[in-house]
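A predicted structure for the sequence below; I have some questions about it.
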Amino acid sequence: MSPTHGNQLVSDEEIIDAFDEIEGPFVTASELEKVLPITRTAIHKRLQNLHQDGEISRKKPTQHMIGWWRE
């Protein structure tokens, strides 16, 4: 995992650690937005990168929601 990217305020590790603050088997970008100091759009982009790097998994059960969880 890379530390921080450009002007982003949190590291990839901090994003993944925030999963522990949310109850349930997966998290959404909207839930993470409530516990991290960056926007939902920025979180979503970072989650996509973490997924591509094999750090987290995802499932899109509906057109408007993606669930993310740790590998």
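Arrived safely, thanks for sending.

Only C-alpha atoms from now on, for both contacts and neighbour counts.
Fine.

so is K60 in a helix, a strand, or just coil?
On the three-state scheme (DSSP: H, G, I helix; E, B strand; the rest coil), K60 is labelled strand.

Go ahead and name everything in contact with stretch 60-67.
Stretch 60-67 is contacted from outside by F26, V27, T28, A29, R58, K59, using C-alpha atoms under 8 Å, 6 or more residues apart in numbering.

starting at the chain centroid, how far to it?
Averaged C-alpha coordinates place stretch 60-67 at 14 Å from its chain's average position (C-alpha atoms, centre = their mean, to the nearest Å).

go on, stretch 39-46?
Once both centres are worked out by C-alpha atoms, centre = their mean, stretch 39-46 turns out to sit 7 Å from its chain's centre.

May I see the buried residues of that stretch?
Of all the residues in stretch 39-46, those buried under the rule 16 or more other C-alpha atoms under 10 Å are R40, I43, H44, R46.

how much space between the second one and L36?
According to C-alpha to C-alpha, to the nearest Å, I43 stands 9 Å off from L36.

so where do the helices sit in this protein?
When secondary structure is read from DSSP state H, the chain shows helices at 12-17, 29-33, 40-52.
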